[in-house]
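**Student:** Task: produce atomic coordinates for the following.
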Amino acid sequence: MSLYVTRHGETDYNVKDLVCGISEAKLTEKGIEQANRLAHSLQKINYKYLYVSPLQRAIDTAQYADIHNLNFIVEPRLKEINFGKYEGAHRKCKEFLFNKNNLAYRYPGGESFIELCKRVYGFLDEIKEQATNDDVLLVCHGAVCRAIHSYFNDMTNEEIFYFQTDNCELLKYEY
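**Tutor:** Residues are numbered from 1 along each chain as shown. The predicted structure follows:
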């Protein structure tokens, strides 16, 4: 079974370089174009299951990109990390970056990267048991992609910190 993972299309928060976890951000025109290009890439993939984060930017991306017209499953464990008080802050904020580099740090009013990994890893374990012969597509977010990548690869804290998935980039993992 192959697991395909993509991050939502570009949003207004991405353009402004703002921290966006659970905040509702809207796809830009470029984000819609990215999702349409993603649909072209997905033509070669015969995924049978499509799981999507409950955040609207991921749902919108899935709707533009789903070439198989599957009834997608909204999966709460694919929701982006809750950055708490840093939601809407500039991504280059020194305090945010310092805390982001500490994977066990729980953002005030939010969650830690380790907490995010716990829920994402649990979901990935379930997928492995349920869809052993069928390909799966996930539409999610940057930190979730980082957690998924760390599930399949041994990574140092520094590698996790710098790992990034571009908007609508398609990643593939084998179970």
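
**Student:** Point to the residue nearest the middle of this protein.
**Tutor:** Here the mean C-alpha position of the chain is nearest to the C-alpha of residue 141 (C-alpha atoms, centre = their mean), at a distance of 2.2 Å.

**Student:** from memory that one sits against residue 6, does it?
**Tutor:** No: between residue 141 and residue 6 no contact is recorded; they are 10.1 Å apart, counting by C-beta atoms under 8 Å. C-betas here are computed from N, CA, C, even on glycine.

**Student:** Now for these two: what residues contact both?
**Tutor:** For the pair residue 141 and residue 6, no residue contacts each of them under the criterion C-beta atoms under 8 Å, 6 or more residues apart in numbering.

**Student:** which residues are contacting stretch 81-100?
**Tutor:** Residues contacting stretch 81-100 (C-beta under 8 Å, 6+ apart): 13, 17-23, 105-111, 113, 116, 141, 143-144, 161.

**Student:** Which parts of this structure are helices?
**Tutor:** Using DSSP state H, the helices found in the chain span residues 12-16, 29-42, 56-65, 94-100, 113-130, 142-152, 157-162.

**Student:** With just CA atoms, put the first one into CSV.
**Tutor:** I take that to be helix 12-16. This file holds the C-alpha atoms of helix 12-16, laid out as CSV (Å, rounded to 0.1, in the frame of the first residue of the first chain):
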residue,chain,number,x,y,z
ASP,A,12,-3.8,34.3,2.6
TYR,A,13,-1.7,33.4,5.7
ASN,A,14,1.0,31.9,3.6
VAL,A,15,1.2,35.1,1.4
LYS,A,16,1.5,37.3,4.6
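
**Student:** Could you check that helix and say which residues are buried?
**Tutor:** 13, 14 (16 or more other C-beta atoms under 10 Å).

**Student:** quick one: contacts of it?
**Tutor:** When contacts are defined by C-beta under 8 Å, 6+ apart, helix 12-16 is touched by residues 19, 20, 23, 25, 26, 28, 31, 88, 167.

**Student:** Return the member of those residues nearest to residue 51.
**Tutor:** Ranking the contacts of helix 12-16 by separation from residue 51, with C-beta to C-beta as the measure, puts residue 167 on top at 18.3 Å.
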